[in-house]
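Peer 1: need coordinates for the following:
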Amino acid sequence: MPLEQGEVQGYDFDRMVAEFTMLNQGKVIFCAISTAAMDDLEGRRDVKPAERVAQFMRLREAIEERASRKCFEEQVQADRPGVLRSNDFSR
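Peer 2: As a prediction, this is how the structure comes out:
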């Protein structure tokens, strides 16, 4: 069963990731996606840090679908965040 959509946590400038949550039968799973992965998905490199949450929202469906698959493929645990990278989308 796929994970359910959670909340957008925001953009972490220091880690260069957009953070979000997914839900697995009510349990919160912390996730993130690198800015490089979002840029690769969108096919652009000119996104400013202040625009990263909006970029995430544009790509949200694809990001969350991949996060859900990765969670079950790699058995991501609720106590450690799952981070999506560019190579996660080339499979």
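
Peer 1: determine the three-state secondary structure at E64.
Peer 2: helix (DSSP: H, G, I helix; E, B strand; the rest coil).

Peer 1: for it, give me its contacts.
Peer 2: By CB atoms under 8 Å, 6 or more residues apart in numbering, the residues touching E64 are L3, Q5, F20, M22. C-betas here are computed from N, CA, C, even on glycine.

Peer 1: the third one contacts I29, doesn't it?
Peer 2: No: applying CB atoms under 8 Å, one finds F20 not in contact with I29, separated by 9.6 Å.

Peer 1: need the residues touching each of these two.
Peer 2: G6.

Peer 1: next up, the contacts around the residue nearest to M16 when sequence neighbours are not counted.
Peer 2: Nearest residue to M16 in three dimensions, chain neighbours excluded: T35, at 4.8 Å (CB to CB, 6 or more residues apart in numbering). Taking CB under 8 Å, 6+ apart as the criterion, T35 is in contact with M16, V17, A18, V47, R52.
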